[in-house]
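J.: I'd like to go over a predicted model; first the sequence, then the structure.
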Amino acid sequence: MCLAVPGKIIEIQDLLATVDISGVTRKISLMLLPETKIGQFVLVHAGFAIQAIDEEEANKTLELFKELEQYTDDDK
């Protein structure tokens, strides 16, 4: 199973971007989405932006991840 996480582009330099994923920043490649702009949300998988998404969809997905985190915290 593959999992992609939504992140917001906060900086771009050539084909490398810095994304914010729930307060954590990561460097990712924009090779697959070279037209991406600062402020856009993308799905990140294996260090690559693989699809642009809107902010609403990104927030829904991040909320679902938070819900899943509650279940794993309860199991400890």
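T.: It's in.
J.: Q13 bridge partners, please.
T.: In this entry, Q13 is beta-bridged to L16, by DSSP bridges.
J.: if I look at it, how far off is S29?
T.: Distance, Q13 to S29, by C-beta to C-beta, to the nearest Å: 12 Å. Where C-beta positions appear, they are placed from N, C-alpha and C, glycine not excepted.
J.: Tell me which of these two has more neighbours.
T.: S29 (17 against 9; other C-beta atoms under 10 Å).
J.: Tell me who's in contact with the more buried one.
T.: S29 sits next to L15, L16, A17, G47, F48, A49 when contact means C-beta atoms under 8 Å, 6 or more residues apart in numbering.
J.: ok, it to V5 distance?
T.: 15 Å.
J.: Counting neighbours, what do you get for the closest residue in space to G39 that isn't next to it in sequence?
T.: Leaving out its chain neighbours, the residue that sits closest to G39 by C-beta to C-beta, 6 or more residues apart in numbering is I9, at 6.5 Å. I9 has 21 neighbours, counted by other C-beta under 10 Å.
J.: So what pairs up with I9 in the strands?
T.: Under DSSP bridges, the beta-bridge partners of I9 are V19.
J.: thinking it is in contact with A17, fair?
T.: Yes: the criterion here is C-beta atoms under 8 Å, and I9 meets it with A17 at 5.0 Å.
J.: joint contacts of those two?
T.: T36, A49.
J.: Next, work out how far apart the nearest residue to I21 once chain neighbours are set aside and K66 are.
T.: In this structure, I21 finds its nearest non-sequential neighbour in G7, 4.1 Å apart by C-beta to C-beta, 6+ apart. Remark: distance between G7 and K66 (C-beta to C-beta) = 15 Å.
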